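Engineer: model the following, please.
(chains A and B)
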Protein chains: 2
Amino acid sequence: MAQILNLKKTNDDFNTEIRKMLLLCQEDIESTNTLILEKLDSNVPLVKEIASYLVLSGGKRLRPLLTSCSYHLLTNDLDKNKKHIGLAAAVEFIHAATLLHDDVIDESQRRRGNLSANEVWGNKTSVLVGDFLFSRAFQLMAKYGDIGTLKILSDTSVVIAEGEVLELSNDRDPTINEDLYFKVINAKTASLFSAACQVGGISAKATNKEIESLKSFGTNFGMAFQLIDDAIDYASDKNSLGKNIGDDFKEGKITLPVILAYIRSNKKEKEFWKRTIIELDQKENDFYEAFLIMTKYKCITDTIERAKHFANVAIDSLGIFNENEYKSALMNLIYSSLNRLS
Amino acid sequence: MAQILNLKKTNDDFNTEIRKMLLLCQEDIESTNTLILEKLDSNVPLVKEIASYLVLSGGKRLRPLLTSCSYHLLTNDLDKNKKHIGLAAAVEFIHAATLLHDDVIDESQRRRGNLSANEVWGNKTSVLVGDFLFSRAFQLMAKYGDIGTLKILSDTSVVIAEGEVLELSNDRDPTINEDLYFKVINAKTASLFSAACQVGGISAKATNKEIESLKSFGTNFGMAFQLIDDAIDYASDKNSLGKNIGDDFKEGKITLPVILAYIRSNKKEKEFWKRTIIELDQKENDFYEAFLIMTKYKCITDTIERAKHFANVAIDSLGIFNENEYKSALMNLIYSSLNRLS
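Structural biologist: Residues are numbered from 1 along each chain as shown, chains lettered A, B, ... in the order given. The predicted structure follows:
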């Protein structure tokens, strides 16, 4: 019989929910970390050094948590072959590879409060170690996956790469429309969240309908997560996960608050965005000015509204699953992700 | 009964042997090209444009030829599921991905006589389209491969990435020893030649012993191929496959002729290598001077001797296979690869 749990909205913040989830999935995450550590090894010391720097630098293991929760959402069975552990590690390696390449593309200097790998070892090595991590991910899939999970993860990798190029093609262009932006964040963030959930479900022998639900859950949670991340940059210095307020603005990064602000701006304000975002010619008070325009046109509030829409779709997509503590954890994760801005 | 063929050394040049091989494997290569064309498609036009620029720019399809010949070496059976075609395309995509990333790392301006992709579209896009091609390779493996071929190709990708980092760690250091250099070219070139042969064999249901032989053949042919390539840069302007004589020297690239020259040089000559290769401070007649030192110490001749050693091992590794026209083609390919310098 399904266990009845209290699914009312959590008041805890996102990091607290993550910690609760880490406790709930402790055994899985420890196994995943052990496997990750083992697979960071390389005959070439520099590869191990850089890969470890990134992968062991305090990421939240959010994607492995999604894989683990999606697995246990469906079954109490022991996963004898550690399939979902291997796939969780593969997902984390894909994530790490894209972070390395992302930082090269964005010329980022910091990652999670530390110097970025490209800043320490240079762009060239970062590209190559990204390739290494990516290859390791496929080794893990070859060992732990089946044809279904392999298809999902390789399709996702294609989508991520295409999304990155799409984003680069629209670099510093605040006139792109919202749908195109959704396409980019779907590819860059939501697709891997979705894949993480799906491979967890497949490892638990999910039905096609259940896999579809997990796919929808992961995608929509990923969209909500990214949009809240966008909003945080213009709205809060709390719970910012190593991200400094104003970073996106300084880099001229196109996010939903900017897209909404630009389209709603008058002629003079549009000139402001052109100078600060397109030409990246920024003065001391520009970030505050940006914040004022965004407030005037409710761009941050509306970004959060969009995030809530995706969060609601994600929550409903869990409707078909029996209630248990893993379902509760996934739902609280979504609620608390919206709390990141409270 | 095995068909008895004339296996005496070919006098034809490498490009002629490649053309003969393309005729022999015409059907396979046409199918591979069709599949490649299909998989170059992308929702993001820029991805398709760049990927096509590279993949369709007149590569010899040497690796798909190795897959095709290795398949037909073993069986006359029709490959109903087009397994070896899909895997040949996957190998070519891995090759293309590494070329894109290589050119970014080496800051190359030209590739096969054309502008390199990074020169036309910039480094960032090249990195991302490389990731796309790499992901496409794994999609193809997921569709056409099995657990065995997937393991070989993902292991090979790890080895290639490690080899690239190893090479970068020893960038412009002519004091590295020959074994370390062999390790680099084994990883960067020979491992994918070897994988191309192995997956062809596996598609033809090769025995473990046969796969071992194909592995050895591919590896040793790859080593010989790369060493001849190294020698060509200091010795010939013929058959240079879009590569200009003196390019490696100009870039301060460490290849076997330089490694041998450095270790055999006297103090004054060592100063010359330090200035030209390590410091990359080159004057007009330096390439000629480099050529003279190499001739004095027989560095080019000895590079060719090393290549012959690997070529001989490759030829012997085909000994277990019955004679047929595909075996003959593979052997002639090796002989002619040595002819590239005649």
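
Engineer: would you map the strands across the stretch 101-250 of chain A?
Structural biologist: For the stretch 101-250 of chain A, the strands defined by DSSP state E, counting those that start in this stretch occupy A:110-111, A:114-115.

Engineer: looking at those strands, which is closest to B:Asn322?
Structural biologist: Closest approach to B:Asn322 among those (C-beta to C-beta): strand A:110-111, 56.2 Å. (C-beta placed from N, C-alpha, C; glycine too.)

Engineer: need the contact list for the closest residue to A:Leu100 other than its chain neighbours.
Structural biologist: The shortest distance from A:Leu100 to any non-neighbouring residue, by C-beta to C-beta, 6 or more residues apart in numbering or on different chains, is to A:Gly130 (3.8 Å). A:Gly130 is in contact with A:97-98, A:100-101, A:104, B:131, counting by C-beta atoms under 8 Å, 6 or more residues apart in numbering or on different chains.

Engineer: quick one: which of those residues has the most company?
Structural biologist: Counting neighbours by other C-beta atoms under 10 Å in any protein chain shown, A:Leu100 leads those with 31 neighbours.

Engineer: how far off centre is the host helix or strand of it?
Structural biologist: Assessed by DSSP states H and E, A:Leu100 sits inside helix A:83-106. Chain-centre distance of helix A:83-106: 11 Å, with C-alpha atoms, centre = their mean, to the nearest Å.

Engineer: can you check stretch A:213-221 too?
Structural biologist: That offset, for stretch A:213-221, works out to 13 Å (C-alpha atoms, centre = their mean).

Engineer: can you give me the mean pLDDT across it?
Structural biologist: On average, the pLDDT along stretch A:213-221 is 97.

Engineer: using CSV, write down the CA coordinates of that stretch.
Structural biologist: The C-alpha coordinates for stretch A:213-221 follow below in CSV (Å, rounded to 0.1, in the frame of the first residue of the first chain):
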residue,chain,number,x,y,z
SER,A,213,6.5,11.4,-16.7
LEU,A,214,10.0,11.4,-15.4
LYS,A,215,11.1,13.0,-18.7
SER,A,216,8.5,15.7,-18.2
PHE,A,217,9.4,16.2,-14.6
GLY,A,218,13.1,16.6,-15.2
THR,A,219,12.6,18.9,-18.2
ASN,A,220,10.2,21.2,-16.4
PHE,A,221,12.1,21.2,-13.1
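
Engineer: contacts for it?
Structural biologist: A:66, A:70, A:186, A:190-191, A:193-198, A:200-201, A:206, A:310-311, A:313-314, A:317-321, A:330, A:333-334, A:337.

Engineer: coming back round to it: any chance of the contacts of A:Gly130 in CSV with pLDDT and distance to B:Gly113 as columns?
Structural biologist: Shown next, in CSV, are the contacts of A:Gly130 (pLDDT from 0 to 100; distance: C-beta to C-beta, whole Å):
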residue, pLDDT, distance to B:Gly113
A:Ala97, 94, 32
A:Thr98, 94, 33
A:Leu100, 90, 32
A:His101, 91, 28
A:Val104, 86, 28
B:Asp131, 94, 26
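
Engineer: of these, which is the nearest to B:Val47?
Structural biologist: Once C-beta to C-beta is applied, the member of these that ends up nearest B:Val47 is B:Asp131, at 10.0 Å.

Engineer: that closest one against A:Phe134, yeah?
Structural biologist: Yes - using C-beta atoms under 8 Å, B:Asp131 makes contact with A:Phe134 at a distance of 7.2 Å.

Engineer: and the nearest residue in space to A:Gly86 that is not next to it in sequence, what does it touch?
Structural biologist: Nearest residue to A:Gly86 in three dimensions, chain neighbours excluded: A:Tyr144, at 2.6 Å (C-beta to C-beta, 6+ apart). A:Tyr144 makes contact with A:81-83, A:85-87, A:90, according to C-beta under 8 Å, 6+ apart.

Engineer: which one of those is nearest to chain B?
Structural biologist: Taking C-beta to the nearest C-beta as the measure, chain B lies nearest A:Ala90 of those, at 10.3 Å.

Engineer: roughly how far does the residue most central in space within chain A sit from B:Val129?
Structural biologist: By C-alpha atoms, centre = their mean, chain A has its centre lying nearest to A:Thr189, at 4.6 Å. Distance, A:Thr189 to B:Val129, using C-beta to C-beta, to the nearest Å: 20 Å.

Engineer: what's the overlap in contacts for B:Asp131 and A:Phe134?
Structural biologist: A:97, A:157.

Engineer: tell me, how many residues neighbour the residue lying closest to A:Gly319 once chain neighbours are set aside?
Structural biologist: Leaving out its chain neighbours, the residue that sits closest to A:Gly319 by C-beta to C-beta, 6+ apart is A:Ser213, at 7.9 Å. A count of neighbours around A:Ser213, defined by other C-beta under 10 Å, yields 23.

Engineer: distance of A:Ser213 relative to A:Gly222?
Structural biologist: 15 Å.

Engineer: that concludes my questions; thank you for your assistance.
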